[in-house]
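Visitor: For reference, the sequence and a predicted model appear below.
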Amino acid sequence: GSLSKNQGIRFMLTGGSRIVFRVSGTGVVGATIRLYLENYVAPGGDLNGNPLEVVRPLGELAVRLARLQEHTGRAAPTLIT
């Protein structure tokens, strides 16, 4: 493995899921906050769920942890991929 410093903030959750925040862009003004949500599913678990519904609880937790609406003034993301 490798170690990358200053590449974001990673929350490792009980059960193996994780939330990652990264800032994309070269400056503070106009920078993009990237949010990565990874929901761990144990071997033999159900992998057929709608991905957006599966990670929804992680997304709600991430928004509360980072107080995104308070800091950005946005109530919803501008892009979901």
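Guide: That came through, no problem.
Visitor: Select the helix or strand of this protein having the lowest average pLDDT value.
Guide: Here the helix or strand of the chain ranked lowest by mean pLDDT, DSSP states H and E is helix 68-72, holding a mean of 86.
Visitor: Using neighbour counts, pick out the buried residues of that helix.
Guide: Residues residue 68 are the ones in helix 68-72 that count as buried (16 or more other C-beta atoms under 10 Å). For glycine as for every other residue, the C-beta is placed from the backbone atoms N, C-alpha and C.
Visitor: Which parts of this protein are helices?
Guide: Per DSSP state H, the chain carries helices over the ranges 51-66, 68-72.
Visitor: export the shortest one as CSV, just CAs?
Guide: Right, the one you point to is helix 68-72. Presented in CSV, the C-alpha positions along helix 68-72 are these (Å, rounded to 0.1, in the frame of the first residue of the first chain):
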residue,chain,number,x,y,z
LEU,A,68,-22.1,20.9,4.7
GLN,A,69,-25.2,23.1,4.5
GLU,A,70,-23.9,25.4,7.1
HIS,A,71,-20.5,25.8,5.4
THR,A,72,-21.6,25.9,1.8
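Visitor: Not counting its own residues, what contacts that helix?
Guide: Here helix 68-72 makes contact (C-beta atoms under 8 Å, 6 or more residues apart in numbering) with 33, 62-63, 74-75.
Visitor: picking up where we left off before, take the helices of the chain and lay them out in TSV including distance to residue 21.
Guide: Compiled in TSV, these are given as follows (distance: least, C-beta to C-beta, whole Å):
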stretch	distance to residue 21
helix 51-66	6
helix 68-72	9
